[in-house]
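1. Based on what follows, work out the 3D shape:
(one chain, ligands or ions: 1)
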Amino acid sequence: MSDFRLNLQTSPAEIFVARYWRLPYPHLTPAQEFVHDVGITSNCNAVVSDCVWRVFTADDDVYAVRQLIGQDLMTLTDGELGVLPGLGLALRRIYFLLPTVLELKRLRISIHAYEHDTRQPLSSQLDVSLKYFEQKTTIHLPFAEGAWYAIMGNDWTDLHKAEPVSQPFAYDFVKLGPDGSMFAGSGMRNEDHYAWDQPVLAPAPGKVLLARDTLPDMQPGIPPDLHLMRQDPHLITGNAVVIGHGQGECSYFGHLRQGSLAVAEGDYVKRGKVIARVGNSGVSQGPHLHYHLQTGPNLFVDQGLPVQFSHFGMTGDRVDCSAIPSRAIVFNPNGS
Ligand SMILES: [Zn+2]
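-> Numbering: from 1, shown residues only. Below you'll find the predicted structure:
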């Protein structure tokens, strides 16, 4: 018997399931969704042959099954199926979108592979718990008047899911003008954009845990200084504020306008206080507000949470409490 082994882990290690009151067409009913990456490591040259995901309900019934082999599997791995010792293989952005009929409890991932030279079969299995997040803080929209377009919401289409630890449920909001567009003129100046310099509001009371104001605003469409970002990847979110609401719930705001921060670390803020203004700092294609909720102040370390906003309007309806899917248009009825 050889001691060739295959190991699995997911990122994040425990997976939150986000629930939606309604998704855009054609998903007009309540839905639930989760996303994760899988990391495969081995102590030998392994080649993955198939992966199976089984989603179990709270009653331990299998609710959904997905199997990927060959080229379908390669779509998650940039064309690779080999697991080299010390390097591993990552399967990225695996998402499930399911009706909200049954409560989910765990995910079982089973992977089959073989050792490259001897063809010895290898397999590994991992059970991961699926959790529903019970948000304790009442969170209002972080902007005041006008219609805002969730160009990225926290559903499965969101590109933030490429960073599955802190940002899987992040939002990018832009303000819409009277004609429904995001900017006037060419859009090549920050001032052309309706979101630019709009006040950013504390969505709930709390203590300011991070206030960073060191990065210049970019011109729309101009690539950021990637050298700077490589030195410190945290800077991708540009000028940032984190407000801790207690009980492991922290609001993270990114790409704020340089010089606009109205709070300092250690300040206590009330809901509705203007904390900064929308800018275009960090890795940002144009002025927008990045917002997400996470378990602590540290990006890439603390886990992102599927935030539900309270008391707002979404595409014509009043909503008591909901996550906002991508491409929804929302407004804050509390705004002036
Ligand atoms: Zn963002």
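2. Tell me the confidence at T29?
-> pLDDT recorded at T29 is 76.
3. isn't it right up against V101?
-> No - contact criterion CB atoms under 8 Å: T29 and V101 do not qualify, at 9.3 Å. Just so you know, the C-beta spots here come from the backbone N, C-alpha and C atoms, and that holds for glycine as well.
4. Beta-bridge partners for the residue of the stretch 51-200 of the chain found nearest the ion, please?
-> Nearest residue of the stretch 51-200 of the chain to the ion (CB to the ion) works out as D172 at 4.2 Å. Beta-bridge pairing of D172 under DSSP bridges involves M152, H290.
5. ok, now V242?
-> L210, Y252.
6. how many neighbours does G86 have?
-> 7 (other CB atoms under 10 Å).
7. what does this structure have sitting close to the ion?
-> D172, H290 (CB under 5 Å from the ion).
8. for the chain, what helix or strand is lowest in average pLDDT?
-> Least confident helix or strand, the chain: helix 226-231 with a mean of 79, by mean pLDDT, DSSP states H and E.
9. Quick check: which helices or strands does it pack against?
-> If you count contacts as 3 or more CB pairs under 8 Å, 6 or more residues apart in numbering; DSSP states H and E, helix 226-231 packs onto no helix or strand.
10. C-alpha coordinates for that helix, PDB please?
-> Backbone C-alpha positions of helix 226-231 (Å, rounded to 0.1, in the frame of the first residue of the first chain) are rendered in PDB as follows:
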ATOM      1  CA  LEU A 226      -1.100  47.600 -10.000                       C
ATOM      2  CA  HIS A 227       2.300  47.800  -8.500                       C
ATOM      3  CA  LEU A 228       0.900  49.500  -5.500                       C
ATOM      4  CA  MET A 229      -1.900  46.900  -5.200                       C
ATOM      5  CA  ARG A 230       0.600  44.100  -5.400                       C
ATOM      6  CA  GLN A 231       2.500  45.600  -2.500                       C
END
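11. For Q67, list the residues it contacts.
-> D50, C51, V52, W53 (CB atoms under 8 Å, 6 or more residues apart in numbering).
12. Is the first one in contact with I69, as I believe?
-> Which is D50. Yes - the pair D50 and I69 passes the contact test of CB under 8 Å, sitting 4.3 Å apart.
13. how about the helices of the stretch 1-150 of the chain, start to end?
-> Here the stretch 1-150 of the chain has its helices, by DSSP state H, counting those that start in this stretch, at 70-74.
14. At which residues are the strands of it located?
-> For the stretch 1-150 of the chain, applying DSSP state E, counting those that start in this stretch gives strands covering 6-11, 15-20, 31-42, 46-57, 62-69, 82-83, 89-99, 104-115, 121-132, 147-152.
15. Those strands: lowest mean pLDDT?
-> Looking at those, the bottom one is strand 15-20 with a mean of 87.
16. Other residues contacting it?
-> For strand 15-20, using CB under 8 Å, 6+ apart, the contacting residues are 27, 30-36, 100, 104, 107, 128-133, 154-155, 168-169, 303-306, 322-323, 325.
17. And those residues, which of them are buried?
-> In the contacts of strand 15-20, burial by neighbour count holds for 27, 31-36, 104, 107, 128, 130, 133, 154-155, 168-169, 303-306, 322-323, 325, counting by 16 or more other CB atoms under 10 Å.
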